[in-house]
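>>> Show me the folded form of this:
(chains A and B)
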Amino acid sequence: MQHHGRNHPDHGRRFRRLLALLAVLTVVAAACGSSGDSTEVGADSNGSATEATTADGAEAPAGPAADLPAFAEGAAQPGGTYGGTLRIAHWFPPLSLDPHTGSSGADHQVLYSLYDRLVHFEYETLEFVPGLATSWEFPDPQTLVLNLQEGVVFHDGTPFNAEAVAFNVDRVQNHPNTKIPADLESVESVEVIDDLTVQLNLNKPDSGLVGVLSDRAGMMVSPTAAKAAAEVQLDATPVGTGPFKMVEYAAGERLLLEKNEDYWQEGLPYADGIEWIFTGDEQAGLNGLRAGDIDIALTVRDGAQIQALSSDPAVKVITSPSLNTDGCYINDERPPWDDVRVRKAFSMAIDRKTLADVLTFGQAEEAYLPVPPQHWSSSPDMVGVNGYDLEQAKALLAESGHDGMTFTMMSYQNPLQVRKAELLQEAVAKAGFNMELEVLELAASVPAMFTDFQYDMFCAPWTGRPDPHQTVTNMLGSTGYYSLREGDRAGIDALVAAAVATDDLEQRAAAYADLWDVAIGQEALWIPLWHNSSVTVTSDKVGGYNLNLLGKGQPQFAWIEE
Amino acid sequence: MSKVIGRRLLLTIPLLFFVSLIVFALAQLVPGDPAVTIAGEQATAARIEEIREKLGINDSTLVQYGRLVGGLVQGDLGTSLYSEQKVTDALFTALPITLSLAGLALLFVIVVGIPFGLLAGTRPGSLLDRILTAVAALGVAAPGYWVGILLIIVFGLGLGWFPTGLYVPFGESPTRWLYHLILPAFALSLAGIVEVTRQLRSSMRDAMTADYVRTARAKGLRQRTVVLKHALKNAAVPLVTVLGLQVNVLLGGAIALELVFGFSGVGALAVRAVQNRDIPVIQGIVLLSVVVVSLSNLLVDLAYGWLNPKVRAQ
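As a prediction, the model looks like this:
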């Protein structure tokens, strides 16, 4: 009498289970596949999808952005409001909260709240200003003396002094997991002169070191904490001197910070705390912002989204020019790319303005250098050099005897990047290049190009570095990871060295003008495409949020009005 | 009963090894060298070699697999390639979020799907039945993440009734936890609700025309008793199959919805791990999925036994 229906439980159950497992895996795969648009990698990443960058999206109209306050970091600003907790959505969770053993470019914005650097910078120009070092001087080109801020203590009570600096320099150079040993490779030894004076003895002139000390290598961690931490890493237990201390951390999910009441900079920070919420997706942060659950949504890259948000009165769209510059890396050891005429022909075949307009909703700025015009090392003489000239491009390619040549450009999985590659393909075809396109998975792209030398060309954004020396050694010097040359070319190594032989900014700028002229102008070793901007969206109640030319915003001194 | 459970749990072990073998083999096929990636752009060749040694990449494939299995036996899934975070820690941080989402969605599936199915199944052809069938067709056609986006636009941004996402831990505030989960859980549950409604409707229709129902009615039992006590218990067997499958589908669907709503659950972890080629994390997630799916299948089978004495006898 019992009726069990047609679905006897043993019928096809195994098959269904298999289907179920497949369903799970398919959705995982689908989710992974579709998320390419939420990740941006800078070509300076080490292939770990790390150097997550700012906008491929938009660029402010020429000139300083209206919203960018003219302050150096750390200066208390008039009209700031104290109290409250800033809720900040970050689409890319930090991989490590240890500045020396982590390497992700997306970590900086979190690290700034926890760690001070020896050197800070002006927001608009990236000129260097005192941080934990109150002043510095080069008594000779191979000696850097730093005078330190008095009375600073780490979050754990350890005093900050010359010994702490010496410890940190050693840690950057010699920690078993350091990711940035090359940043301080010019430092031969460290001498503690007195409690607040430390001297770095260099093995070669390196005025670029000051800028390096405004980046990861200059972030000071507590020696006590670093010695005590498990595996001696501070991935999840950061202890710095910064304006905020860690309260609670769920890696990949949330980071709660509270105000450092003993902070050494008068009147800072404004907020009582920061709640970092890591969303994995930029849209989720923007939704939270519009719904009032989020105060700041970091690093928005979608040009269409930026346009839409600009008309919303409840939010502020903060745009700043940035060092982030799109360009093409060329394997110029490999024929026919060893012929400068071919490289120049490629450069001249690209109508930068039109392509940038199409790709970034009319907001990017055409580029003729790896650094934007706002930066002190930029050279106005380079504007237009190797710029769009289709006739000249055709002529040069014909002259080189490689008209109709076929080559492979590699790009990585990301809708914007693939679109860019396709547009380039179309553009250079008109000059006689038959460009084939290969799209790799993001993490595979950088090693394929720069470790295994598998491709002729790779066009990707360069995220920039505080000091141009870091950029040029990486990109143009014969030992740089992103330079594809076996040895020196056209005396470029000497020009790179000349630019750090003095710490006078004007003289350095003149030296860079020479370097740009040879490496980018005459040799066309790197093809600049356009300068991207960085964009952050905040609620209309947030004040004091600082975006800067580096493109890595500093939320730690922002405040909430009311 | 405990013997059955024990045997099934034991069977999970060879399954896990089999899956670990597949995952390991796939990881071997991925091009590129994790040591290069970990070392970073400033690394020397010596440093890369050192990392290769530390990771054991230089060992033979067999030794490497042996190490994976050895760790597995001790419940050690290794360490992320990018931070020094243990994979188990990463999973335990992310898992409560995914389980909250899938769990609440399952609750929606049950408390909405079953009454709908009963209503439609006991009154076939009625207006209610036809409306539910039409809505069900829509529900099947609409993917969860798309519904999620619509819900955000309408109820989150438009009407402002619900938050647009962003997970709040249960420990921090149970009410806010629930409040923040409602939209994603509803979006996630929709397909399940439809599935359960359709399945129950069809099996209830069969059951309601069965002899024992006529007998029950002839005895003068109330409609309520006939439906809930006699018809439902028989119609519930296929329903349990559907619910069991739903657990797996919900966990899978949670991944896409986590991204839409900005939850840092297992799905977000998986996406990040895949993008970074963080092989130990990917392995951990796949193995965890196997365990969860096996457990839910076990629960389904136990429910069969409870509902159907004939299965128990087998």
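>>> Kindly report the residues of the stretch 101-250 of chain A close to chain B.
Contacts of the stretch 101-250 of chain A with chain B, taken as C-beta under 8 Å from any C-beta of the partner chain, map to A:101-104, A:177, A:179-183, A:230-231, A:233, A:235-236, A:250. Glycine gets a C-beta too; all of them are placed from N, C-alpha and C.
>>> Check those residues against A:Tyr82 and report the nearest one.
Checking these against A:Tyr82 by C-beta to C-beta gives A:Ala250 as the nearest, at 27.5 Å.
>>> How is the chain divided into domains?
You didn't pick a chain, so chain A it is. Chain A is divided into the following domains under automatic domain parsing: A:2-19+A:98-106+A:115-229, A:325-532.
>>> Actually, chain B is the one I wanted.
B:2-87, B:96-313.
>>> just how off-centre is the helix or strand B:Thr12 falls within within its chain?
Element membership for B:Thr12 (DSSP states H and E) is helix B:2-29. Centroid separation for helix B:2-29 versus its chain: 18 Å, with C-alpha atoms, centre = their mean, to the nearest Å.
>>> And stretch B:60-67, by the same measure?
That offset, for stretch B:60-67, works out to 31 Å (C-alpha atoms, centre = their mean).
>>> residues in contact with it?
B:Leu21, B:Phe24, B:Gln28, B:Gly56, B:Ile57, B:Asp59 (C-beta atoms under 8 Å, 6 or more residues apart in numbering or on different chains).
>>> and B:His180, what pLDDT?
pLDDT recorded at B:His180 is 88.
>>> Which of the helices or strands spans the closest residue to chain B within the stretch 251-400 of chain A?
Nearest residue of the stretch 251-400 of chain A to chain B (C-beta to the nearest C-beta) works out as A:Ala284 at 2.5 Å. Here A:Ala284 is covered by helix A:282-291, with elements defined by DSSP H and E.
>>> quick one: average pLDDT of that helix?
Regarding helix A:282-291, the rounded mean pLDDT is 85.
>>> Please pull up the helix or strand immediately following that helix.
Counting by DSSP H and E, the next helix or strand C-terminal to helix A:282-291 is strand A:296-297.
>>> where does the chain have low pLDDT?
By default, I'm working from chain A. A:1-78, A:230-232, A:362 (pLDDT under 70).
>>> switch to chain B, that's the one I care about
For chain B (pLDDT under 70), the answer is B:1, B:31-32, B:40-42, B:309-314.
>>> which residue packs closest to the residue nearest the centre of it, ignoring adjacent ones?
Centroid check for chain B by C-alpha atoms, centre = their mean gives B:Leu251 as the closest residue, at 2.0 Å. Nearest non-adjacent residue to B:Leu251, counting by C-beta to C-beta, 6 or more residues apart in numbering or on different chains: B:Ala102, 5.1 Å away.
>>> From what I see, that neighbour and B:Leu250 are in contact.
Yes: here B:Ala102 lies in contact with B:Leu250, judged by C-beta atoms under 8 Å, at a distance of 4.3 Å.
>>> Between those two, which contacts overlap?
Residues touching both B:Ala102 and B:Leu250 (C-beta under 8 Å, 6+ apart) are B:Leu188.
>>> Okay, now the sheet partners of the helix or strand hosting A:Phe458, with direction.
In the assignment (DSSP H and E), A:Phe458 maps to strand A:457-462. Each strand paired with strand A:457-462, and its direction, by DSSP bridges: strand A:315-330 (antiparallel), strand A:406-412 (parallel).
>>> Tell me the first helix or strand C-terminal of the host helix or strand of B:Thr197.
Assessed by DSSP H and E, B:Thr197 sits inside helix B:174-208. Counting by DSSP H and E, the element after helix B:174-208 in chain order, helix or strand, is helix B:211-218.
>>> Let me know whether that following helix sits next to chain A.
Yes: using C-beta under 8 Å from any C-beta, helix B:211-218 comes into contact with chain A via B:Asp211, B:Tyr212.
>>> that older thread, neighbouring contacts of the strand holding A:Phe458?
Identification of contacts with strand A:457-462 by C-beta under 8 Å, 6+ apart yields A:40-44, A:53, A:56, A:323-331, A:337, A:370, A:407-412, A:417, A:420-421, A:424, A:445, A:449, A:471, A:475, A:482, A:527, A:529, A:532.
>>> With just CA atoms, put that strand into PDB.
In PDB, the C-alpha atoms belonging to strand A:457-462 read as follows (Å, rounded to 0.1, in the frame of the first residue of the first chain):
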ATOM      1  CA  MET A 457      55.600  42.600 -26.400                       C
ATOM      2  CA  PHE A 458      53.500  43.200 -23.300                       C
ATOM      3  CA  CYS A 459      51.400  46.300 -22.900                       C
ATOM      4  CA  ALA A 460      50.300  47.000 -19.300                       C
ATOM      5  CA  PRO A 461      50.100  49.800 -16.800                       C
ATOM      6  CA  TRP A 462      53.200  50.600 -14.800                       C
END
